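> Mind looking at a prediction? Sequence and model below.
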Amino acid sequence: MIAVGIVDDHAIVRSGLRQYLSEHVDLRVVGEAASGREAIDLVRQQEINVLIMDLSMPGQSGLDVLAMLRAKAPDMGILILSGYPEEHYAVNLIRQGASGYLNKECDPSEIVEAIRVISLGKRYISPNVADLLAQHLGRGEDEGLPHEQLSEREFQVFLKLAKGKTAGEIADELSLSVKTVSTYRTRLMTKMALHSNSDLTYYALKNGLLD
């Protein structure tokens with residue numbers, strides 16, 4: 001039996017997933033969460049083989065929570081089920097420890113297939129994500145979109161700056177010092193050849209990286 005957790009801030013999505021997964025005899029939903037904080041509590045309280053998680057949640061984003069979950073439960077599979085198209089986040093998230101990435105418009109049967117693959121300790125790479133990974137492998141380190149060159153922390157700070165958060169707010173959310181956040185900001189600005197926070201916001205909107 002594969003123990004599954006569901007993390008999504010929409011009750012109707014959690015209910016639909018729970019109902020669909022209950023139709024498969026080898027899957028059992030052992031808990032749900034509506035936010036990043038609840039997700040961490042859920043993982044602390046339950047033995048979960050595969051956690052299905054959205055990216056857009058109140059409070060901490062799925063991106064922030066992914067790093068914390070990886071630290072707390074390194075052997076647990078994490079399947080990102082997001083409304084964002086694969087090209088926006090999939091490669092970055094798989095680099096950062098996600099076990100798989102599916103768009104919410106996928107066929108429901110693909111979610112079940114992904115859970116089964118991930119429960120075996122493997123990564124689930126959909127055809128769309130496989131194409132994206134192949135494109136990344138096929139080009140040099142300096143090619144591709146600027147945000148794809150950012151480290152995990154730089155990418156987290158970038159998204160928060162693009163949403164209008166201050167260095168102090170970001171420092172609190174990521175448990176960093178303001179000086180460290182400023183260092184990440186300087187690095188990511190240099191890598192992306194941008195000059196202001198408004199440039200970051202425009203870039204993020206243009207590339208579909210904001211909610």
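Nice, I can see it. Numbering: from 1, shown residues only.
> How about the most centrally placed residue in the chain, nearest residue that isn't a chain neighbour?
Nearest to the mean C-alpha position of the chain, by C-alpha atoms, centre = their mean, lies Leu63 at 4.2 Å. Once flanking residues are discounted, Leu63 sits nearest to Gln156: 5.8 Å by C-beta to C-beta, 6 or more residues apart in numbering. Every C-beta, even on glycine, is put in place using the N, C-alpha and C of the backbone.
> For this structure, just list every one of the strands.
2-7, 27-33, 50-53, 77-82, 100-103 (DSSP state E).
> which of the residues in the longest one are buried?
For strand 27-33, burial by neighbour count (16 or more other C-beta atoms under 10 Å) applies to 27, 29-33.
> Stretch 55-68 now?
For stretch 55-68, burial by neighbour count (16+ other C-beta under 10 Å) applies to 55, 57, 60-68.
> and if you look at stretch 78-94?
Within stretch 78-94, the residues that qualify as buried are 78-82, 84, 86-94, counting by 16+ other C-beta under 10 Å.
> remind me which residues of this protein are low pLDDT?
58-59, 85, 87-88, 136-144, 211 (pLDDT under 70).
> one more time with 50
The chain contains no residues with pLDDT under 50.
> From the contact counts, what lies against the longest helix along the chain?
In the chain, taking DSSP state H as the definition, the longest helix is helix 178-192. When contacts are defined as 3 or more C-beta pairs under 8 Å, 6 or more residues apart in numbering; DSSP states H and E, helix 178-192 packs onto helix 152-162, helix 167-174, helix 197-206.
> repeat that for 7 Å
In terms of contacts (3 or more C-beta pairs under 7 Å, 6 or more residues apart in numbering; DSSP states H and E), helix 178-192 is packed against helix 152-162, helix 167-174.
> Run the angle between the last one and helix 178-192 for me.
Read that as helix 167-174. 100 degrees (axes from the mean of the first three to the mean of the last three C-alpha atoms, to 10 degrees).
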